[in-house]
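K.L.:
would you be able to build a 3D model of this:
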Amino acid sequence: MSDLADRLAARTLELVDVPSESRDEAALAAHVLGVLRDGGVEARDAGDTCVLAGPTGRGERPLVLLAGHLDTVPAQDNRPGRREGGAVHGLGAADMKGALAVMIELALTGAGGALDLAYLFFGREELPVAESALTPLLAREPALLDADLVVMMEPTANAVQAGCLGNVNATWTFHGRSAHSARPWLADNALEHAARGVLALAGVPREEHEFDGLTFTEVATVTTLHGGIAANVIPDRAVAHVNYRYPPGVSAAGAEARLHAWCDPLGELVVDSNAPSAPVHAADPLVEALRRAGDLAVEAKQAWTPIAEFAAAGLPAVNFGPGDPACAHRRDERVAEAALVRCYDVLERFACG
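P.N.:
The predicted model follows:
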C-alpha cells in the first residue's frame with residue numbers, strides 16, 4: 001500500500017470515529033480546525049460549525065473552493081469504523097468523511113500552483129435546507145463569493161456530477177368521516193382516499209428532462225403514510241409524506257404548482273420545504289480542466305446537493321468526490337481506499353495545472 005493511501009485511509013477512519021450527526025458537529029469542526037492548524041495550515045473557526053482554510057479571497061490566480069459537510073445521518077451501529085478489504089467502513093465514510101480526509105490532506109501538503117485552493121467545512125447539510133449552516137456562512141463571508149468555482153465533494157464515485165435536482169417535501173392529508181368498523185357504510189374511510197392518492201401519484205410517469213446536454217429524471221413519491229386510531233374505528237384522517245424531485249430549469253414556484261396539480265384533486269397538500277435545483281456548469285473552463293485532470297465522466301446529479309446553495313449565491317459549482325452514492329446512508333457504509341487516492345490525485349493535478 002502506498003503512503004498516500006495509508007494516510008488517506010487513516011485520516012478517514014479518524015474522522016469516522018468522531019461523532020458528528022446533524023446538529024452535533026461541533027466536536028468534529030474543532031478536530032478539523034486543530035488538525036489543520038497543527039499542520040501549519042492557515043485556518044479559522046468561521047462560526048456555527050464552519051471552518052475555513054487557505055486563501056479564502058481571490059488573488060492573482062483562479063480561486064477554487066473545495067467544500068464538504070461535516071455532518072452525517074444518525075448512526076446505525078456503524079461507529080466506530082474499521083479498515084477492511086481495501087476500504088474504510090463506518091458512519092459517514094462515503095458521505096462524506098472520505099472526502100473530508102482528501103480535503104485535509106490536500107491542505108496539509110499545500111496543493112496548488114496554477115490555482116489557489118480554499119477549503120470550506122460546514123454543518124447541517126443532512127437536514128432540510130432551511131437549517132443548513134452554509135447559506136448563512138456565505139452571507140457572513142462575502143469574500144467567498146469571488147471564487148471562480150466550487151467543487152462540492154459529495155459522493156460521486158469520482159465522476160463530475162453537474163447540476164442537481166430540486167427537492168420538495170410536502171404533507172398530503174386525506175379527510176373522511178369516522179365510524180364503527182362494524183358499520184363501514186356509515187363512514188368515509190380516509191385510508192381509502194389515501195390509497196387512491198398514493199396510486200394516482202405512483203401512476204404519474206417519470207419524465208426525463210435534458211438540460212445543457214445532461215438528462216435528469218423528474219419523480220414524485222409517497223414515502224410515508226399514517227392513519228387510524230384503533231382497530232375498530234374507521235379513520236377520518238390519513239397523512240402521507242410526499243417527496244418530489246424536479247430538474248434544473250424548473251423554478252421553485254413552478255415545481256410547487258406542478259405538484260399541487262397532481263395532488264390537490266385527491267387531498268390537501270401543504271409544502272413543508274423546497275430546496276431549488278442548481279444549473280449545470282459542465283461547460284465552465286475550470287470544470288473542463290477538472291475533467292481533463294482525470295479523464296473524468298460528466299454526469300447529471302440525480303439528487304439535491306448544496307451546489308444549489310452556492311448557485312443561489314451566484315457561484316458556479318459541481319459535485320466531485322470519492323464516495324460511491326450507492327454506499328451513502330447505509331448500515332454498511334464504506335469508501336474504497338483506491339477511490340480516496342484517485343480523488344486526491346485528480347485534485348492535485350487540477351490544482352497544479
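K.L.:
in contact with the residue positioned nearest the centre of the chain, which residues?
P.N.:
With distances taken as CA atoms, centre = their mean, Thr305 lies nearest the centre of the chain, 3.8 Å away. Residues near Thr305 by CB atoms under 8 Å, 6 or more residues apart in numbering: 152, 154, 164, 278, 319. Any C-beta I mention is one placed from the backbone N, CA and C, and that applies to glycine too.
K.L.:
and for the third one, the neighbour number?
P.N.:
Taking other CB atoms under 10 Å as the neighbour definition, Cys164 ends up with a count of 31.
K.L.:
JSON lines please, covering the contacts of Thr305 and showing pLDDT, secondary structure and distance to Arg291.
P.N.:
Listed next are these as JSON lines, based on pLDDT from 0 to 100; DSSP: H, G, I helix; E, B strand; the rest coil; distance: CB to CB, whole Å:
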{"residue": "Met152", "pLDDT": "97", "secondary structure": "strand", "distance to Arg291": "15"}
{"residue": "Glu154", "pLDDT": "96", "secondary structure": "coil", "distance to Arg291": "17"}
{"residue": "Cys164", "pLDDT": "95", "secondary structure": "strand", "distance to Arg291": "18"}
{"residue": "Ala278", "pLDDT": "93", "secondary structure": "strand", "distance to Arg291": "18"}
{"residue": "Asn319", "pLDDT": "96", "secondary structure": "strand", "distance to Arg291": "13"}
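K.L.:
whichever of the residues you listed end up buried, select them in ChimeraX.
P.N.:
Command for ChimeraX, covering only those of those found buried under the criterion 16 or more other CB atoms under 10 Å:
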select :152,154,164,278,319
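K.L.:
which secondary structure elements does the biggest helix by length in the chain contact?
P.N.:
The residue-count maximum for a helix in the chain (DSSP state H) belongs to helix 337-352. In this structure, helix 337-352 packs against helix 3-16, strand 63-69, strand 87-89, helix 98-109, helix 285-294, with contacts taken as 3 or more CB pairs under 8 Å, 6 or more residues apart in numbering; DSSP states H and E.
K.L.:
can you give me the angle that helix makes with strand 63-69?
P.N.:
Between the axes of helix 337-352 and strand 63-69, defined by axes from the mean of the first three to the mean of the last three CA atoms, to 10 degrees, the angle is 150 degrees.
K.L.:
enumerate the positions of helix 337-352 that are buried.
P.N.:
337, 339-344, 346-351.
K.L.:
quick check, nearest of the residues you listed to Gly294?
P.N.:
Gly294 lies nearest to Val346 out of the buried residues of helix 337-352, by CB to CB, at 3.6 Å.
K.L.:
which ones are touching the closest one?
P.N.:
Counting by CB under 8 Å, 6+ apart, Val346 touches 158, 290, 293-294, 296, 320.
K.L.:
swap in Leu191?
P.N.:
So Leu191 contacts 174, 176, 227-228, 235, 238 (CB under 8 Å, 6+ apart).
K.L.:
can you add secondary structure and neighbour count and give the residues you listed back as a markdown table?
P.N.:
Listed next are the contacts of Leu191 as a markdown table, based on DSSP: H, G, I helix; E, B strand; the rest coil; neighbours: other CB atoms under 10 Å:
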| residue | secondary structure | neighbour count |
| --- | --- | --- |
| Phe174 | strand | 25 |
| Gly176 | coil | 19 |
| Gly227 | strand | 21 |
| Gly228 | coil | 15 |
| Pro235 | coil | 25 |
| Ala238 | strand | 24 |
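K.L.:
got JSON lines for these, with pLDDT too?
P.N.:
What follows is the contacts of Leu191, written out as JSON lines (pLDDT from 0 to 100):
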{"residue": "Phe174", "pLDDT": "98"}
{"residue": "Gly176", "pLDDT": "97"}
{"residue": "Gly227", "pLDDT": "97"}
{"residue": "Gly228", "pLDDT": "96"}
{"residue": "Pro235", "pLDDT": "98"}
{"residue": "Ala238", "pLDDT": "98"}
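K.L.:
just checking, what packs against whichever strand or helix holds Asn167?
P.N.:
Element membership for Asn167, per DSSP states H and E: strand 166-175. Here strand 166-175 touches helix 190-202, strand 237-246, helix 252-263, strand 268-275, going by 3+ CB pairs under 8 Å, 6+ apart.
K.L.:
buried residues in it?
P.N.:
Buried-residue list, strand 166-175, by 16+ other CB under 10 Å: 166-168, 170, 172-174.
K.L.:
domain-wise, how is this protein divided?
P.N.:
The record assigns the chain these domain ranges, following automatic domain parsing: 3-164+278-352, 166-275.
K.L.:
out of those, deepest packed?
P.N.:
domain 3-164+278-352 (a mean of 20; mean count of other CB atoms under 10 Å).
K.L.:
now the phi/psi pair for the closest residue to Thr72 other than its chain neighbours, please.
P.N.:
Distances taken as CB to CB, 6 or more residues apart in numbering put Gly92 closest to Thr72, at 3.7 Å, once the chain neighbours are dropped. Backbone torsions for Gly92, taken as degrees, to the nearest 10, come to phi 80, psi 0.
K.L.:
quick one, grab the pLDDT at Gly92.
P.N.:
pLDDT recorded at Gly92 is 97.
K.L.:
so how far does stretch 93-103 reach from one end to the other?
P.N.:
For stretch 93-103, the first and last residues are 14 Å from each other (CA to CA, to the nearest Å).
K.L.:
which stretches of the stretch 201-350 of the chain have low pLDDT?
P.N.:
Low-confidence segments of the stretch 201-350 of the chain (pLDDT under 70): none present.
K.L.:
and the residue nearest to Thr72, how close does it get to Trp172?
P.N.:
32 Å (CB to CB, to the nearest Å).
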